[in-house]
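Peer 1: mind looking at a prediction? Sequence and model below.
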Amino acid sequence: MTKIAQALTIAGSDSGGGAGIQADLKTFQMRGVFGTSAITAVTAQNTLGVFDIHPIPPATIQAQLKAVAEDFDIRAFKLGMLGSEEIIECVAAALQRYKFGQMVLDPVMVAKGGAPLLQQSAVAALKQHLLPLADIITPNLPEAEALTSIKIIDGRSAEQAARTLQQLGAKTVVIKGGHSNNSQSAVCQDWVFTPEQHFTLVSPRYPTKHTHGTGCTFSACITAELAKGQNTVIAIRLAKQFITAAISQPLNIGHGHGPTNHWA
Ligand code: PLP
């Protein structure tokens, strides 16, 4: 019998298949990891936008987590779209009960098209209940700014924001620079702060609008690598390579902001 690493994603469903649970499971598959899921919300969306959001009742989220916990050997998991304070509290309570290994927190707030994926009032709950549990947190620039109230304009302010997130309890912080409005720059830079070291990840900046689901895919790749037993730094570096390749060779799918290419 083949032994395979097992991972879990707790996130929203994207009917367009480019982000959320669908991106996570595709990424797990590409990285050779068996993926399980607990769906927090069903979204009706495609490459053009988000048209409807149906939150899943907390009891059903709790039941999904129980079912996964009782039957699988999950070594790493990620949190994506959570939507509301009620769902954050439900997930946080389940995480006290069940052990899923290392936790990657992607603090999803707003879709690239502007649709809110987390209620404004839930940001405080995310900081209070989930940030202290995160082995790795992967905010983009607007998310890091919303969580810390620090405007990130350079490496110094990125470090201040990362240290603030570490004081709130996250062990390793990856601030993704892809949303930088310095779009003239030829590179895209992310800042990584582990408890022991800090460094930047630099890749070319590709002039493409087909970046739907990049954040989900990046954090899912880190999760997959952790599930296979990679250390934090290697998992993050491998995920940067994976997402850079995925962005550099866009798929010609849909009529709007197309998905990243998981096969690249
Ligand atoms: N939909 C869901 C369910 C998500 O989890 C996310 C990701 O964070 C998005 C949409 C946003 O995708 P993007 O902002 O990359 O278009």
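Peer 2: Arrived safely.
Peer 1: use CA for all of it now, contacts and neighbours both
Peer 2: Will do.
Peer 1: mind checking the longest helix of this structure?
Peer 2: Assignment by DSSP state H gives helix 232-248 as the longest helix of the chain.
Peer 1: now for that one, which elements pack on it?
Peer 2: Helix 232-248 is packed against strand 198-204, helix 214-227, with contacts defined by 3 or more C-alpha pairs under 8 Å, 6 or more residues apart in numbering; DSSP states H and E.
Peer 1: most tightly surrounded among those?
Peer 2: Highest mean neighbour count among the helices and strands packed on helix 232-248 (mean count of other C-alpha atoms under 10 Å): helix 214-227, with a mean of 29.
Peer 1: now do that one: everything it contacts.
Peer 2: Among residues not part of helix 214-227, those counted as contacts by C-alpha atoms under 8 Å, 6 or more residues apart in numbering are 5-7, 9, 19-20, 23-25, 27-28, 31-33, 74-78, 80, 102-106, 138, 140, 232, 235-236, 238-240, 242-243, 247, 259-260.
Peer 1: filter those residues to the buried ones?
Peer 2: Among the contacts of helix 214-227, those scoring as buried are 5-7, 9, 19-20, 23-25, 27-28, 31, 33, 74-78, 80, 102-106, 138, 140, 232, 235-236, 238-240, 242-243, 247, 259-260 (criterion: 16 or more other C-alpha atoms under 10 Å).
Peer 1: let me see the contact set for the closest residue to residue 48 other than its chain neighbours.
Peer 2: With sequence-adjacent residues excluded and distances taken as C-alpha to C-alpha, 6 or more residues apart in numbering, residue 48 is closest to residue 256, at 4.7 Å. Counting by C-alpha under 8 Å, 6+ apart, residue 256 touches 47-48, 210.
Peer 1: of the buried ones among the contacts of helix 214-227, which belong to strands?
Peer 2: 6-7, 9, 74-78, 102-105 (DSSP state E).
Peer 1: can you pull the residues of the stretch 151-264 of the chain lying near the ligand?
Peer 2: Within the stretch 151-264 of the chain, the positions near the ligand by C-alpha under 6 Å from any ligand atom are 212-216.
Peer 1: going by distance to residue 185, which of those wins?
Peer 2: The nearest member of those to residue 185, counting by C-alpha to C-alpha, is residue 214 at 19.1 Å.
Peer 1: show the pLDDT at that closest one.
Peer 2: Residue 214 is assigned a predicted lDDT (pLDDT) of 95.
Peer 1: how near is it to residue 5?
Peer 2: For residue 214, the distance to residue 5 (C-alpha to C-alpha, to the nearest Å) stands at 23 Å.
Peer 1: repeat that for residue 37.
Peer 2: 14 Å.
Peer 1: what residues are up against residue 203?
Peer 2: Residue 203 touches 187-189, 244, counting by C-alpha under 8 Å, 6+ apart.
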